[in-house]
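*Asks:* Take this sequence and fold it.
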Amino acid sequence: MGINVRNEGSKVNANINVTPMVDVMLVLLIIFMVITPMLQNKVQIDMARVLNPTAMPDADKDDAIVVAVTRDGAIFLGQNKVDPSQLGSLVRDKLADKNDKTIYVRADARAQYKAVEDAIDDVRTAGVEEVGLLTQKREGNGPAGGQ
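*Replies:* Next comes the predicted model:
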């Protein structure tokens, strides 16, 4: 009669297989790269750069009303493109249930002045008490004009 010796311990692989973990991490990275631009609720605009911008932290709140004017003169209320003739009534509707009657304007640095002025005029006639003009801080302290 013989004794059967089980030698299962020698079959155990002590190496960690990282390939599935790398696959999962790459899938998550791709998902985040695709979703992140969708989470931004702003129209892509190259804002004017100034040396001494005024901080407006309320503009980043979820309930802030932001009007954007693009380079080609298109008007956006939040992320929705609106007709300039309807901007005043849409802003009035959004301001109906708010205590703070402040609108923030994000204008492209190369937008026509008339388009920006018309947008501000439309929101002021809708009952806006304050208009905040959003800008970015200019890096460096050289004179204006890029010299």
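*Asks:* Need the per-residue pLDDT for M1.
*Replies:* Note on M1: pLDDT of 62.
*Asks:* And the helices in this structure?
*Replies:* 19-39, 87-95, 113-125 (DSSP state H).
*Asks:* For A74, find the nearest of those.
*Replies:* Checking those against A74 by C-beta to C-beta gives helix 113-125 as the closest, at 8.5 Å. C-beta coordinates here come from the backbone N, C-alpha and C atoms, glycine included.
*Asks:* got the angle between the closest one and helix 87-95?
*Replies:* If you take axes from the mean of the first three to the mean of the last three C-alpha atoms, to 10 degrees, helix 113-125 sits at 40 degrees to helix 87-95.
*Asks:* For helix 113-125, which outside residues touch it?
*Replies:* For helix 113-125, contacts defined as C-beta atoms under 8 Å, 6 or more residues apart in numbering pick out 67, 69, 73, 75, 84, 87-88, 91, 103, 105, 107, 131.
*Asks:* on that earlier part again, export the helices of the chain to a markdown table and tack on mean pLDDT?
*Replies:* As requested, those are exported to a markdown table (pLDDT from 0 to 100):
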| stretch | mean pLDDT |
| --- | --- |
| helix 19-39 | 89 |
| helix 87-95 | 89 |
| helix 113-125 | 91 |
